[in-house]
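In: With the sequence up front, the predicted model follows.
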Amino acid sequence: MSLMGALVSRVSVLRGLALVFTCATLAAVPLRAQGTAPIPIGINLRPITPFDRQLPFADAMKTASEWRYEDDNAKAHVRPVGSSGKPTTGSDFVPLDAQGWPRPARGRVAACDFFVGMRGKIPVGEYVVTWKGKGTVEFRGHVGIVSEEPNRLVVQVNGVNGGQPGIALSNVDLADPVRDIEVWFPGHDDSCHYFQQAFIDRLRPFSVLRFYPWMRIYQSSGRWSERTTLHSARQGGEQGVAVEYMVELCNELAADPWFCMPHTADDDYIRRFAAYVRDVLHPTAKIYVEFSNETWNTDFAAGRWAREQSLLRGIPAMHVVAERAGQVFNLWREVFGAQQGRIVRVVGVQLHNPGIASVLTRQLAGNFDALALGTYFGARPDLDPVNIDSTAEELLAVAAQNLQDEVFPRIQDHKSQVDTLTAQLGRRIRLITYEGGPSIVARSPGGGLGLEATLACHQLPEMYDAYRALIDGARTRGVDLFVGYDFCGARTSADTYSVLESLDQPLSEAHKYRALIQGWEARQ
């Protein structure tokens, strides 16, 4: 029988046994003993985009798209190659001021969008739009104007009718151009808070917030003078979210931040970033500091940088990473001085290759406090008995077995390394996760999986048990902080990682989110 035939046969067997298999597999994972303190839980926040279902800011303009021209004079062209390495096509660029506000040419219309692709998921109510300067400001996507006065507009949005929400500018006075536009969510226009309340409420159970996606570390220039600030028009650009917002979010939630320093960051950027955190973050917080993210992974810019430096300098790539990581850690500790005990120096390592941890820790020579793993369990058509015809139940059954056979043993391998390092260094080295959860996506290596089945898999009630099995199994194997990936967003053929599909998703349907926050009151 061919390999493919064997896989199909195994899938056929699984089709009848999937639910039983899942229950039996999960039952083998030791659950948290009654009375044992639950493990602290953290979460990664998705990048800020115009289609961002996190809806983090009270002012929706902070998540808006780039400005574009909308008139007969707009010309299509290929935009310059950016950090992604891929050129994009769009209309000609709208000139911007230093803060990112548009300065459209005379007689032209400039527009931007927000809540893209979110029909039916947009908060309903009265939105208050305010701005400075002179020109015509149009709010698109409303179903009625409640009131209108100079530099202030109140519109009704029902989340379904009215078309794509956004702002269009015309007749702009170039001597006093429209700027500082704010689009306040219902009930937030007179609030002193930066963040939307629903976003805060759904984040409250998490002890640690990992800002790697918010920081756009693979696009950031790593130069302080180019960073995003509180006054920037958008927070979704290549420089990431302003550190002021990240710190304020942690202050509001009494959470610990996890910052990933871009591989492009110079010493001045790191010192200034650390100084702001030292001076403004709530004093009881621990600060998790990591050099970039998955530096061994050449699919990402930092991994490619490490490989290029390795070839240029004639030393192993992980030696390059350890060298710069050690410098970054030293800069943070230097800035914090007597408070340096608040810093947790994190070494991100590869779950399925303990050799990465061995090399990095040896090169860092004790200049670290924790090893961090990416603990994903999944169903992979190139390695597991699944294919495009597999059902949701079969996918989850195979993923649960993957958790037992491959994920837990590798966690144990790293726990052994941590125990050895603890003995050698004479102080506790922690084992934590930087990401984790089910990795079951349609667009997979080996031919892919069915889109309908992969989406349905994450909606199965049994997904709660699978996720709890991961968390509790990690805890029993020495992990003392579990950080999931990721918070809130739409699920697609390439991305099913969100634990919430929208901020208003009922808890009874949010099985992954519910698994993460179980017992969170006891963690307070």
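Out: Okay, I see it. Numbering: from 1, shown residues only.

In: Would you verify that residue 225 is located in a strand?
Out: No - according to DSSP: H, G, I helix; E, B strand; the rest coil, residue 225 belongs to no strand; its state is helix.

In: thought residue 461 was touching residue 510?
Out: No - using Cβ atoms under 8 Å, residue 461 makes no contact with residue 510, being 11.1 Å away. The C-beta positions use only the backbone N, C-alpha and C, and glycine is treated the same way.

In: So for the two, which residue has more residues nearby?
Out: Ranked by neighbour count (other Cβ atoms under 10 Å), residue 461 and residue 510 place residue 510 first, with 22 against 10.

In: ok, that one - contacts?
Out: 499, 500, 501 (Cβ atoms under 8 Å, 6 or more residues apart in numbering).

In: Who are the contact partners of the first one?
Out: The neighbours of residue 499, taking Cβ under 8 Å, 6+ apart as the test, are 43, 437, 484, 486, 487, 488, 510, 512, 513, 516.

In: which among these end up buried?
Out: 43, 437, 484, 486, 487, 488, 510, 512, 513, 516 (16 or more other Cβ atoms under 10 Å).

In: Name the nearest of those relative to residue 265.
Out: residue 486 (22.7 Å; Cβ to Cβ).

In: surely that closest one meets residue 45?
Out: Yes - using Cβ under 8 Å, residue 486 makes contact with residue 45 at a distance of 6.9 Å.

In: what is in contact with the two at once?
Out: residue 213.

In: Which stretches in the stretch 51-200 of the chain count as strands?
Out: 68-69, 76-78, 89-91, 110-113, 125-132, 136-140, 144-149, 152-157, 166-170, 179-184 (DSSP state E, counting those that start in this stretch).

In: any chance of the contacts of residue 499 in JSON lines, plus distance to residue 368?
Out: Output for the contacts of residue 499, formatted as JSON lines (distance: Cβ to Cβ, whole Å):
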{"residue": "43", "distance to residue 368": "23"}
{"residue": "437", "distance to residue 368": "25"}
{"residue": "484", "distance to residue 368": "23"}
{"residue": "486", "distance to residue 368": "25"}
{"residue": "487", "distance to residue 368": "27"}
{"residue": "488", "distance to residue 368": "31"}
{"residue": "510", "distance to residue 368": "35"}
{"residue": "512", "distance to residue 368": "30"}
{"residue": "513", "distance to residue 368": "31"}
{"residue": "516", "distance to residue 368": "26"}
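
In: In helices only, show me those.
Out: 512, 513, 516 (DSSP state H).

In: Of those, which is the nearest to residue 426?
Out: Taking the ones in helices among the contacts of residue 499 together and measuring to residue 426 by Cβ to Cβ, the closest member is residue 516, at 34.1 Å.

In: how close does that closest one sit to residue 218?
Out: 26 Å (Cβ to Cβ, to the nearest Å).

In: go on, residue 290?
Out: For residue 290, the distance to residue 218 - Cβ to Cβ - is 14 Å.

In: Please name the residues that touch the spatially closest residue to residue 95 that is not a sequence neighbour.
Out: Of all residues not flanking residue 95 in the chain, residue 103 sits nearest, at 4.4 Å (Cβ to Cβ, 6 or more residues apart in numbering). Contacts for residue 103 (Cβ under 8 Å, 6+ apart) come out as 94, 95, 96, 97, 172, 174, 177.

In: Residue 64 against residue 167, yeah?
Out: Yes - assessed by Cβ under 8 Å, residue 64 is found in contact with residue 167 at 7.2 Å.

In: for the helix or strand hosting residue 371, packing partners?
Out: Applying DSSP states H and E as the criterion places residue 371 in strand 370-378. Applying 3 or more Cβ pairs under 8 Å, 6 or more residues apart in numbering; DSSP states H and E, we find strand 370-378 packed against strand 343-348, helix 392-402, helix 408-425, strand 430-439, helix 462-476.

In: could the ones you listed go into JSON lines alongside mean pLDDT?
Out: Shown next, in JSON lines, are the helices and strands packed on strand 370-378 (pLDDT from 0 to 100):
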{"stretch": "strand 343-348", "mean pLDDT": "98"}
{"stretch": "helix 392-402", "mean pLDDT": "98"}
{"stretch": "helix 408-425", "mean pLDDT": "98"}
{"stretch": "strand 430-439", "mean pLDDT": "98"}
{"stretch": "helix 462-476", "mean pLDDT": "98"}
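
In: Export the ones you listed as JSON lines, with columns for distance to residue 144.
Out: Compiled in JSON lines, the helices and strands packed on strand 370-378 are given as follows (distance: least, Cβ to Cβ, whole Å):
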{"stretch": "strand 343-348", "distance to residue 144": "50"}
{"stretch": "helix 392-402", "distance to residue 144": "42"}
{"stretch": "helix 408-425", "distance to residue 144": "55"}
{"stretch": "strand 430-439", "distance to residue 144": "42"}
{"stretch": "helix 462-476", "distance to residue 144": "41"}
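
In: Look up how far residue 473 lies from residue 481.
Out: Residue 481 is 15 Å from residue 473, by Cβ to Cβ.

In: My error: substitute residue 139 in the last question.
Out: Residue 139 is 50 Å from residue 473, by Cβ to Cβ.

In: Among these two, which residue is more densely surrounded?
Out: A direct count of neighbours by other Cβ under 10 Å for residue 139 and residue 473 places residue 473 higher, at 23 against 19.

In: Surely the more buried one and residue 410 touch.
Out: No - Residue 473 is not in contact with residue 410 according to Cβ under 8 Å; the separation is 11.7 Å.

In: joint contacts of those two?
Out: In contact with both residue 473 and residue 410: no residue, using Cβ under 8 Å, 6+ apart.

In: residue ranges with poor pLDDT in the stretch 301-450 of the chain?
Out: Scanning the stretch 301-450 of the chain with the threshold set as pLDDT under 70 gives no residue ranges.

In: count of residues packed around residue 219?
Out: Using other Cβ under 10 Å: residue 219 sits among 17 other residues.

In: Revised request: answer the last question for residue 427.
Out: Neighbour tally, residue 427, other Cβ under 10 Å: 10.

In: Can you show me the helices along the stretch 251-400 of the chain?
Out: For the stretch 251-400 of the chain, the helices defined by DSSP state H, counting those that start in this stretch cover 267-280, 301-313, 317-336, 354-364, 392-402.

In: Please identify the deepest-packed of those.
Out: With neighbours defined as mean count of other Cβ atoms under 10 Å, these peak in mean count at helix 392-402, which reaches a mean of 26.

In: so what secondary structure elements neighbour that helix?
Out: helix 3-27, strand 370-378, helix 451-457, helix 462-476.

In: could you give the angle of that helix to helix 408-425?
Out: 30 degrees (axes from the mean of the first three to the mean of the last three Cα atoms, to 10 degrees).

In: List the contacts of residue 69.
Out: Taking Cβ under 8 Å, 6+ apart as the test, what residue 69 contacts is 91, 92, 94, 104, 108, 109, 110, 111.

In: among those, which ones are buried?
Out: Here, 16+ other Cβ under 10 Å leaves 91, 94, 104, 108, 109, 110, 111 buried among the contacts of residue 69.

In: OK, contacts around residue 173?
Out: 133, 134, 135.

In: Residue 274: which of the residues you listed is nearest?
Out: Nearest to residue 274 among the contacts of residue 173, with distances taken as Cβ to Cβ, is residue 133, at 36.3 Å.

In: before we move on, back to that, chain center to the strand holding residue 371, what's the gap?
Out: Its chain's C-alpha centre and that of strand 370-378 lie 15 Å apart, by Cα atoms, centre = their mean, to the nearest Å.

In: I'd like to know how far residue 372 sits from residue 413.
Out: 15 Å.

In: And for residue 209?
Out: 28 Å.

In: what's the answer for residue 281, then?
Out: Distance from residue 281 to residue 413, by Cβ to Cβ: 34 Å.
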